[in-house]
Structures are given as structure tokens and as C-alpha cells.
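Chemist: Turn this into a model:
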Amino acid sequence: MSGKEMRERIYGTETEYAFQYFTTPAEPARVFRGTEIYLFYLFRRALEAQGYRKLYEDKYNNFSIFLANGARLYVDRGGHPEYATAECRTWRDALVQEKAGERIIAELCPFIERELQTIGYRGNLLIAKNNVDGAGSTYGSHENYLVERRDSEESAAFFARLARHLVPFLVTRQIFCGSGKVDPAVGYQISQRADYISTLFSANTTTKGIINTKEESLAHEQRFRRLHLILGDSNMSDFSLALKLGTTGIVLRLMEDEALKPGLELEDPLLALRVISRDPSCQSRVRLRGGRAWTAIEIQEHYLEAAHRYYATREPDPLEAEILRHWEETLRLLAEDPWQLHRRIDWVIKRWLLERQRQREGLAWPAPQLRQLDIKYHAIYPQGLFARLEQGGWVDRWVEEEEIEQAKYQPPADTRARVRHDFINAVLDNRLEGTATWVTLCWGPELRHSVELWDPFMPFNQAVANIGKQQ
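Modeler: Numbering: from 1, shown residues only. Below you'll find the predicted structure:
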């Protein structure tokens, strides 16, 4: 494998959205009992009404859709609409593509709301990009990173290496990428997901581990692994999402190039995850193997210093340099006073909002009014508190709205998502039968033609380019 390929990596995210229905005061209380199949039907109809181009993943089980921007949309077993971004070579592209998913989901909601009203549900939808509902159920924000596969390394050895080098970073990065939550027991937490992570490794997403061990690279198995992380919070803030993806990519680079010094391991990673989440001052110490106790900021500084040593002998690309600069600044501000990040980091932005409301109305943590505001912070339909802050210039942005608008229809130009985009357009333009997955594209009568896209870095396929020219 070329160094260039793994230097750029493949990034992708999967976001599960909360789908809730509320009756109007004049209507009797009703609970929406729609099945996953019916929810998917509503989203499919809404996509068609909005003019989004799409193909099904399977001819006979068409409950998963690939969009022309390379993304996948389906409804999971818990009734949560899930949006998986196209494959991206950079964390920045992944940020833009995830934000495009927010906009797409929000655009579909008025149509879905009207459809529900036609069958007797007089009320309003709430679609939120959060991780915990009022009943205490949790749903995920998953990250995918393509990592190199060492020829002689078995899976057990690979995950043991992750436990040594990556887990302390993942446990502590919540101080800049947690989205915050009102908690009945402790008032306020940094992370929404910390209380729900129950094991270090898990083979599926129902058992919630820090790292998912399922072997499904969706790429050349001999060359790549797909690292699937399920511990993170869903982010509204550009900065929190950028730092989450960008710093994780850098730490993976350090691990692949053996640039991380051994010796920094948490004594109890799951306990540390909860201790850190419960301390918005970021000053609590967690125990390391060997008896030392460090703060989350100090552990993050350990990784940042390793990154500085690594890039002292090689030039970081502009995106790496950008992340390094903001990573360092964020840790400095967290150490000085986390409130300084009230324009950038989700859990601080939300706490700043809630604290103002709490003081204005004389509320105590965790008053029901504060819990309602917590949910409204994450709402993408109707427009939520974060969106209003963003439009009012109260939070800092990393990407422009024009980029997000374009990403609703266009994939990154430099991954196989571009081939999928070209394929969907070619099949629809030529009125052919076709299906699409992450790896396989099929078309024609009885779907007799197919191509497999095992190289996620390849943005062109000649057979796809020829569709329509042979008619």
C-alpha cells in the first residue's frame, strides 16, 4: 500500500436521529406506532418529493437507499433514521458530508409531518441529532476510519495494540467532543454516551463498547481494516466534530507509524470515562496503570506532544496543521477556563445556554425546563437552539453553508463515492434497473452487469463510465 493512500485515510460517520411525534394540545394524546418499514416508506416518499436521486441497496429488500451524494439512508431497528456519509479522504470532507446529512433530513420533515397528518396524526415532529431520549434509551454516532492491516498481525494483536495506544485518547477526547447532557443524578455531564458504554470491545453495536471489533472493512481485506468507533456523541458544533475526527486521524497515524511511547494505560477505562464526563471543570484525575493519576487534559497533552514530535521530522499537510493548532489551543483554554470555549465546543455551548436560563428563572439542576432545552439544542426540525445560535453568529463555524449545500448532491471527488454518484445518475438517466451498496453496483436486465469497488480511494470506474454508451 502506498504511504499516500494511508496518509489521507478514509473517514466516514453514521448518525442515528431521534424521531418523535407530539400531538397538538387540542388533540387526544397519541403515540406514533409506525414500524421501521413505514418510517422508511415516509422517508422514501419525502426523498422523491424533494427530488433527491437515489437507488435501493437491494432489489427485493429495498429498505436502504443510497443517494447520489454517495451517502446511505435507512431506518434502523429502533426506529431511528440513520444517515451514513459517503467515503471521504479527509476529516474536513467528512464534516461537510455529515452536515449535509443534517440538512437533507431536515428538508424531508415537513413532507413526513404532512403525511402523518393525513392518516390522523395531528401534531408535530421533532427530529433531533442527540444520543439519549427521555426514557433513557441511547442511540449512536459512529465513526469509521480506514487503517492499515499489517501482514503478520492477527485481529487479537491489533485490538491489543489499540487498547494500549488508542483507548486513553478515546476516553479523554470527550472534553472537546462531548455534546453535554442534563443528568438527574449529577446535574450536568460532558458526554451523552459515557454512561452507556459497558465494555472495552464489543462485536456489535447493541453491546456498547469503546471500540467495535466487527471485521467488515468494506475494502481490500488484505490491505485495510475499518476501525469502527461507537462511543462518541453526536455533534452540532463544527469545532467539536472537526476536532473529534481530525485528532483521531492524527493519533491513528502515530499508532501506525509506531510514534507513540508505551506506558500510558488507564487502570479502568470505563470508570475513567464516567469520572471525566461528570466533571465539567475537567480537573478530576483518573488512575493510570502504575499508580499515577492524570487529568483528561494532561492525557490529551501527552498525545499532542507525541504529534508535535512526529511532525517535527515531517511536514504536516494543511489540514493536519489546522487540527494541531486548534487541538493545542483548545486544551490550553480548557485548562484555563472551559467557559472560554462557549462559541466552539458543544458541551460548553449547551451549558452556557442552560446556565443563563437556570439563573434567569431560578432553576435547579436538573429542572424539567432544562431537560427540554437540552433536547431543543439538538433539534434539526423544527429549527433548534444550536441552529439559531449559528444563524445569529453566536457560535464559530469551520465550514461554509455553500459547501454543505453542494454536499447534499455531490460526493467527495476523490473516493469511490464519486463512482457511486456517477452510477446512480447513469442508471436513472438511462432508465435502467440498478442497485447500489458500499462495494457492489449492479445494473441492466436481471441486474446481470456488476462491478465491485474494493478500493475506496479510486474515484473512477470505466464500466460505470460506459453505461448508456452501449445502449
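Chemist: can we go C-alpha only for contacts and neighbour counts from here?
Modeler: OK.
Chemist: Next SSE downstream of the top strand by length along the chain?
Modeler: Criterion DSSP state E: the longest strand present in the chain is strand 141-148. Later in the chain than strand 141-148, the nearest helix or strand by DSSP states H and E is helix 155-165.
Chemist: Could you count how many residues lie near D429?
Modeler: Neighbour count for D429, taken as other Cα atoms under 10 Å: 11.
Chemist: err, R289, not the other one
Modeler: By other Cα under 10 Å, 12 other residues sit near R289.
Chemist: before we move on, what about R360?
Modeler: 9.
Chemist: With the one 10 residues further on instead?
Modeler: Other residues lying near L370 total 23 when counted by other Cα under 10 Å.
Chemist: residue contacts, it?
Modeler: Shown in contact with L370 (Cα atoms under 8 Å, 6 or more residues apart in numbering): V182, L354, Q357, R358.
Chemist: what secondary structure does it sit in?
Modeler: helix (DSSP: H, G, I helix; E, B strand; the rest coil).
Chemist: go on, the one 4 residues further on?
Modeler: Going by three-state DSSP, the secondary structure assigned to D374 is helix.
Chemist: from the contacts of L370, which ones fall inside strands?
Modeler: Those of these mapping onto strands are V182, per DSSP E.
Chemist: what helix or strand does Y83 sit in?
Modeler: strand 81-84.
Chemist: Just checking the distance from that strand to the centre of its chain.
Modeler: 10 Å (Cα atoms, centre = their mean, to the nearest Å).
Chemist: How about that strand, which residues are buried there?
Modeler: Residues of strand 81-84 classed as buried: P81, E82, Y83, A84 (neighbour count, 16 or more other Cα atoms under 10 Å).
Chemist: Thought T13 was touching the second one, still the case?
Modeler: No - E82 is beyond contact range of T13, at 10.2 Å (criterion: Cα atoms under 8 Å).
Chemist: residues making contact with the longest strand of the chain?
Modeler: 6, 9-16, 131, 217, 223-234, 249, 252, 256.
Chemist: How about stretch 162-179?
Modeler: Counting by Cα under 8 Å, 6+ apart, 190-192, 210, 232-236, 240-241, 243-244, 248, 251-252, 255, 260, 262, 264-266, 269, 272-273, 276-277, 282, 296-297, 299-300, 303, 330, 345-347, 350 sit against stretch 162-179.
Chemist: Only the buried members of the contacts of L370: can you turn that into a PyMOL selection?
Modeler: A single PyMOL command selects the buried members of the contacts of L370 (16+ other Cα under 10 Å):
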select buried, resi 182+354+358
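Chemist: which of the contacts of L370 sit farthest apart?
Modeler: Largest separation among the contacts of L370 by Cα to Cα: V182 and Q357, giving 13.0 Å.
Chemist: Would you mind giving the domain segments of the chain?
Modeler: Domain assignment for the chain by automatic domain parsing gives 3-407, 417-465.
Chemist: what helices or strands is the strand holding Y83 leaning on?
Modeler: strand 11-16, strand 72-75 (3 or more Cα pairs under 8 Å, 6 or more residues apart in numbering; DSSP states H and E).
Chemist: worst average pLDDT in the ones you listed?
Modeler: For the helices and strands packed on strand 81-84, mean pLDDT drops lowest on strand 72-75, to a mean of 95.
Chemist: For that one, buried residues please.
Modeler: R72, L73, Y74, V75.
Chemist: and what of stretch 169-187?
Modeler: Buried residues in stretch 169-187, defined by neighbour count with 16+ other Cα under 10 Å: 169-183.
Chemist: R223 and E153 touch, don't they?
Modeler: No - applying Cα under 8 Å, one finds R223 not in contact with E153, separated by 11.7 Å.
Chemist: returning to that earlier point: quick one: which of the buried residues of stretch 169-187 sit in strands?
Modeler: Going by DSSP E, the strands hold K181, V182, D183 from the buried residues of stretch 169-187.
Chemist: Out of these, the closest to Q372 would be?
Modeler: Closest to Q372, out of all of these and judged by Cα to Cα, is V182, at 9.3 Å.
Chemist: follow-up on the earlier one: with distance to L432 as added columns, please give the helices and strands packed on strand 81-84 in a markdown table.
Modeler: Shown next, in a markdown table, are those (distance: least, Cα to Cα, whole Å):
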| stretch | distance to L432 |
| --- | --- |
| strand 11-16 | 29 |
| strand 72-75 | 20 |
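Chemist: now for these, which one comes closest to Q50?
Modeler: Comparing the helices and strands packed on strand 81-84 against Q50 with Cα to Cα, the closest turns out to be strand 72-75 (14.7 Å).
Chemist: So, low pLDDT: which residues of the stretch 351-471 of the chain?
Modeler: 470-471 (pLDDT under 70).
Chemist: Strands of that one, residue ranges please.
Modeler: For the stretch 351-471 of the chain, the strands defined by DSSP state E, counting those that start in this stretch cover 379-381, 434-436, 440-443, 449-452.
Chemist: Could you tell me how many residues sit around P459?
Modeler: For P459, using other Cα under 10 Å, the count is 18.
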